[in-house]
Each structure stands twice: as structure tokens, then as C-alpha cells.
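1. Just need the structure, nothing else, for what follows:
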Amino acid sequence: MPGPAEEPALRYLAEAIETATPAVRLTMLYDRLELDLRRAETGFEDGDLKAISDNLIHAQEILQALRTTLRGDVWDGAGQLAALYDFLHGELLHANLAKDRAWFSEAAMLISQLADAWRRAAASAASGFERTMEQVGGAV
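-> Numbers count the residues shown, from 1 in each chain. I've put the predicted structure just below:
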């Protein structure tokens, strides 16, 4: 249970998430996913099996959340991305169960590349929105 000093920070974070655009929410999820992977890597370095497990489980939960947001009725690539998320989930599951650092590193590298691609897409969408607003005379 958060203490009184943490409550304003948690409220601020909740509001930031609720008011963020979908692209920003997506990058927030990837930011947290990569944080979990960095923490798991530290767990491997330190031999901390609990840190490895806790962070890889949370990373798997994020991959599942990302998968559930995909809409095949809106985007033709949703099925392929869902398959990639399933694959990455399985790779992290294997890495966690076997405490296999090499297996983990391969999955983490793929996730990092995917995160970078989504960040570039989000930045491109944001700049496209700003250009459109400028063209129609709106303020950003």
C-alpha cells in the first residue's frame, strides 16, 4: 500500500496515462518493458533469481497486454504482430524457466528493436499531426 508521500506521484502517473494519446501510451508500455528487461539483466549479472523471475514475468504481462490491444479489423498486420508478441512471450518464458541468459539476451534484443520501431512510428505520427494542425491553422 502506498504511503502518503507516494499518493500524489501515483495520482500524477495515473492521470498522465489516462490523458496520453494511444501512441504515447504504447511508448510508455515499451519503456516499462525495456525497464523490466534491464532489471532482469541486472538480476542475471547478480545471480538474483527472484529479480530475474519477477521482471521477466512482468515483461511477459506487458507483451500480453500489447497483444490484446491489436485489432485485426483495423490493421492487416495485427495477426503477424500478435504472432511476434506470442513468440517473444515464449522466449521470455523459456529464459525465465531455464534461467538462460543467452536466450534472454536474444529476446531482449528483438524487443529493443521493436520498441525503437514503435517509438519512430509514434514520433512520425506526432509530427504528422503537428503539420496537419499548422496547415489548418490550429495550435498544437
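
2. can you count the residues close to His89?
-> 19 (other C-beta atoms under 10 Å). To be clear about C-beta, it is placed using only N, CA and C from the backbone, and glycine gets the same treatment.

3. and if you look at the one 3 residues further on?
-> Using other C-beta under 10 Å, Leu92 is surrounded by 26 other residues.

4. ditto for Leu56
-> Leu56 has 25 nearby residues by other C-beta under 10 Å.

5. how close does it get to Trp118?
-> As judged by C-beta to C-beta, to the nearest Å, Leu56 and Trp118 stand 20 Å apart.

6. Enumerate residues external to stretch 82-91 that contact any of its residues.
-> The contact list for stretch 82-91, computed with C-beta atoms under 8 Å, 6 or more residues apart in numbering, reads 60, 63-64, 66-67, 70, 103-104, 106-107, 110-111, 114.

7. Write the PyMOL selection for whichever of the residues you listed are buried.
-> Here is the PyMOL command that selects only those of those that count as buried (16 or more other C-beta atoms under 10 Å):
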select buried, resi 60+63+66+67+103+104+107+111+114
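
8. dump the residue contacts of the most centrally placed residue in the chain.
-> Nearest to the mean C-alpha position of the chain, by C-alpha atoms, centre = their mean, lies Tyr30 at 2.1 Å. Contacts for Tyr30 were tallied using C-beta under 8 Å, 6+ apart; they are Leu114, Ala115, Trp118, Arg119.

9. The helix or strand the first one falls within: which residues count as buried?
-> Using DSSP states H and E, Leu114 falls within helix 101-136. Neighbour-count burial for helix 101-136, with 16+ other C-beta under 10 Å as criterion, is recorded at Arg101, Trp103, Phe104, Ala107, Ala108, Ile111, Leu114, Ala115, Trp118, Ala122.
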